[in-house]
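Peer 1: what follows is a predicted protein model with its sequence.
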Amino acid sequence: MPSETPDILPTDVSPEILSDISPDISSQARTRQILGMKGADVKESSIWKIRLQLMKPITWIPLMWGVICGAASSGEYTWTTTNVLLSLLCMLMSGPLLTGYTQILNDYYDREIDAINEPYRPIPSGAMPLNQAIIQIWILLIAGIGVAVTLDLGVGHEDFIITKLAIGGAFLAYIYSAPPLKLKQNGWLGSYALGASYISLPWWAGHALFGTLNWQVVAVTMFYSLAGLGIAVVNDFKSVEGDRALGLKSLPVMFGVDKAALISAVMIDVFQIGIAVYLLLVGEKLYASILVLLVIPQITFQDMYYLRNPLENDVKYQASAQPFLVIGMLVAGIAMGHAGI
């Protein structure tokens, strides 16, 4: 959970004490900014830190976790040095490279919206010239596909399934952000595309790396991505003002903040419970029970933070509730591997 600092310092604090406090606050803000978190308006001079900020490292984690879930669902993963290295390489592809590509691509096409919502971002602030952003997009894309080809060759895939997934994911990222399709203009379609990108695609890559990707895994993870749609809506609250000004139909714009938060919360809970029901039907009663138990604290934090004030508490809610979602994903992956799905 992010540290909180007081909005107003006491008037009787001496300059010496302020000099001690300010560097800590600045350090926290710089860390938040480099990670790609919202609300960190700090001037950064290092071009490499700006490039890293553009890639939003905080967003890599779900994709890298998805690879682990996919490896677990394959039922074929064993703890060997080779498999660990393959997993790390697949995480590099899914996280820093292709998610980094996606984030910069989105910032490039959202520069007008960001000028309203987050004017301190590297592109709208002018810290990163557009031509340099384009170069970085291409480098990350080519490197990501190159790693995918390497993985396919390394495990002997004649169909180059991981390469196909990488290219498909890169294309989905493009049509999500770029006109004329710009899927994010439609709250339902755009949020589902984002949810599928964060859950299904890395899951499929991890599964295909160690096992054989089949229709059941695809269907279950696409269903799971409907819970991811709810998570994607949480990210829309920080952009309500800019989305409304530029005519983007995000769920908070279409339904209002409170109703969108309720829709989001219901989807997050209902579709995870749906996965638990599926695990129950395939005989994995223990894992189904664990998954249901993990939903309970999420509902608690939704009531405590999210539904009461989604605009102010979106980050606090994600920090407190999202760990239970990602642990639940791994539980589902292990269960699927155990059931031989």
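Peer 2: Structure's in. What do you need? This is a predicted model, so every value here is computed, not measured. Numbering: from 1, shown residues only.
Peer 1: now do the helices in the stretch 201-341 of the chain.
Peer 2: 215-236, 240-245, 251-255, 257-281, 285-301, 310-339 (DSSP state H, counting those that start in this stretch).
Peer 1: how much space between residue 165 and residue 158?
Peer 2: 15 Å (C-beta to C-beta, to the nearest Å). Quick note: C-beta positions are derived from backbone N, CA and C, even for glycine.
Peer 1: neighbour count: the two, which is higher?
Peer 2: residue 165 (22 against 6; other C-beta atoms under 10 Å).
Peer 1: before we move on, the earlier item: tell me which of the helices of the stretch 201-341 of the chain lies nearest to residue 96.
Peer 2: Among those, helix 310-339 comes nearest to residue 96, with 18.2 Å by C-beta to C-beta.
Peer 1: quick check: mean pLDDT of that closest one?
Peer 2: Helix 310-339 shows a mean pLDDT of 92.
Peer 1: ok, stretch 77-95 next?
Peer 2: Confidence over stretch 77-95, taken as the mean pLDDT, stands at 97.
Peer 1: dump that stretch to PDB, keeping only the CA atoms.
Peer 2: In PDB, the C-alpha atoms belonging to stretch 77-95 read as follows (Å, rounded to 0.1, in the frame of the first residue of the first chain):
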ATOM      1  CA  TYR A  77       6.200 -27.700 -15.100                       C
ATOM      2  CA  THR A  78       9.100 -29.100 -13.000                       C
ATOM      3  CA  TRP A  79      11.600 -27.200 -11.000                       C
ATOM      4  CA  THR A  80      14.700 -27.600 -13.200                       C
ATOM      5  CA  THR A  81      17.300 -24.900 -14.000                       C
ATOM      6  CA  THR A  82      16.200 -25.000 -17.700                       C
ATOM      7  CA  ASN A  83      12.500 -24.500 -16.900                       C
ATOM      8  CA  VAL A  84      13.200 -21.700 -14.500                       C
ATOM      9  CA  LEU A  85      15.300 -19.900 -17.100                       C
ATOM     10  CA  LEU A  86      12.500 -20.500 -19.700                       C
ATOM     11  CA  SER A  87       9.900 -19.100 -17.300                       C
ATOM     12  CA  LEU A  88      12.100 -16.000 -16.600                       C
ATOM     13  CA  LEU A  89      12.500 -15.400 -20.300                       C
ATOM     14  CA  CYS A  90       8.800 -15.700 -20.900                       C
ATOM     15  CA  MET A  91       8.200 -13.200 -18.100                       C
ATOM     16  CA  LEU A  92      10.700 -10.900 -19.700                       C
ATOM     17  CA  MET A  93       8.700 -11.100 -22.900                       C
ATOM     18  CA  SER A  94       5.300 -10.700 -21.300                       C
ATOM     19  CA  GLY A  95       6.300  -8.000 -18.800                       C
END
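Peer 1: shaky segments in the stretch 151-300 of the chain?
Peer 2: Low-confidence regions of the stretch 151-300 of the chain, defined by pLDDT under 70, are absent; no residue qualifies.
Peer 1: repeat the analysis, applying 90 as the threshold.
Peer 2: Where the stretch 151-300 of the chain drops to pLDDT under 90, the residues are 184-187, 231-250.
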